[in-house]
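Q: Give me a model of this one.
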Amino acid sequence: MREDRLLLSGALRPTRRRRGRRRPRVPLALAGLGLAALGFATLAAPAPRLVWNASASAPVGLYWVSRTAPARDDLVLATLPPDARRLAADRGYLPVGTPLVKRLVAVADDVVCAVGDAVFVNGTYVATRRNRDSFGRALPRWTGCRTLAADELFLLMAGVSGSFDGRYFGPVRRARVIGRLVPLWTG
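A: Numbering: from 1, shown residues only. Prediction:
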């Protein structure tokens, strides 16, 4: 009987949950993480793993892009410095955003010199520079000698006189190298 009186007075009423909008926290958090991961994946450009080189400045063929650190004489896949990238795109040497296949000929502490038409690495002649491209347009030039810093490399296809490489745009930052190239099939 006492319970009936308490129930009527409201003292023993069962507590009710509010019927407002409940937010399911775990599903929202997971959805948010998923969207963040998707956004990051679209912003972060994926690095290539296989590359087809169609340029005559390096052996035409299929290459594996290795993430191991490149060493002197390795073929590498690299991006151009901004000024050289604009020039290459404007003149049609290379489509915008296309990386280069070049040989790594000088590393940190090597001395690279460009004097007149000649390019030297550690005092040894390695290449000749042209004054003009095949359409008669002036090519860029850097002049002088410099000892490469720890984060600099010199890329050059010495045996290819028409190659657009370090002889024209100079040393590049190591961060421009995407990877070391391992030939899978060249022809």
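Q: Would you pull up how far the longest strand anywhere in the chain lies from the middle of the chain?
A: Counting by DSSP state E, the longest strand found in the chain is strand 177-186. Here strand 177-186 is found 14 Å from its chain centre; the criterion is Cα atoms, centre = their mean, to the nearest Å.
Q: try stretch 94-110
A: How far stretch 94-110 lies from its chain's middle: 11 Å, per Cα atoms, centre = their mean.
Q: now do stretch 74-85
A: On Cα atoms, centre = their mean, the centre of stretch 74-85 falls 9 Å from that of its chain.
Q: buried set for the longest strand of the chain?
A: Residues 177-181 are the ones in strand 177-186 that count as buried (16 or more other Cβ atoms under 10 Å). In short, each C-beta sits where N, CA and C put it, glycine included.
Q: from memory A106 sits against R72, does it?
A: Yes - using Cβ atoms under 8 Å, A106 is in contact with R72, at 7.3 Å.
Q: Shouldn't R85 be within a helix?
A: Yes - counting by DSSP: H, G, I helix; E, B strand; the rest coil, R85 is located in a helix.
Q: For it, give me its contacts.
A: By Cβ atoms under 8 Å, 6 or more residues apart in numbering, R85 lies in contact with 79, 96.
Q: what ranges do the strands span in the chain?
A: Taking DSSP E as the test, the strands found in the chain are 50-53, 61-66, 75-78, 100-106, 111-115, 118-121, 124-128, 144-147, 152-155, 172-173, 177-186.
Q: Adding mean pLDDT and distance to L94, write those out as CSV.
A: Below are those laid out as CSV (pLDDT from 0 to 100; distance: least, Cβ to Cβ, whole Å):
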stretch, mean pLDDT, distance to L94
strand 50-53, 95, 12
strand 61-66, 98, 17
strand 75-78, 98, 12
strand 100-106, 98, 7
strand 111-115, 98, 21
strand 118-121, 99, 20
strand 124-128, 98, 19
strand 144-147, 98, 25
strand 152-155, 99, 13
strand 172-173, 98, 15
strand 177-186, 97, 14
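Q: picking up where we left off before, so for A106 and R72, which sits in the more crowded spot?
A: A106 (23 against 13; other Cβ atoms under 10 Å).
Q: Does the more buried one have any beta-bridge partners, and if so which?
A: With DSSP bridges applied, A106 shows beta-bridge pairing to F154.
Q: do you know how far the residue nearest to N53 when sequence neighbours are not counted is from R167?
A: Take N53 and drop its neighbours on the chain: the residue closest to it by Cβ to Cβ, 6 or more residues apart in numbering is V101, 4.6 Å away. For V101, the distance to R167 equals 16 Å [Cβ to Cβ, to the nearest Å].
Q: neighbour-wise, which of those two wins?
A: Neighbour tally, V101 and R167, criterion other Cβ under 10 Å: the higher count belongs to R167, 27 against 23.
Q: Low-confidence ranges, the chain, go.
A: Along the chain, the model assigns pLDDT under 70 to residues 1-24, 26-46.
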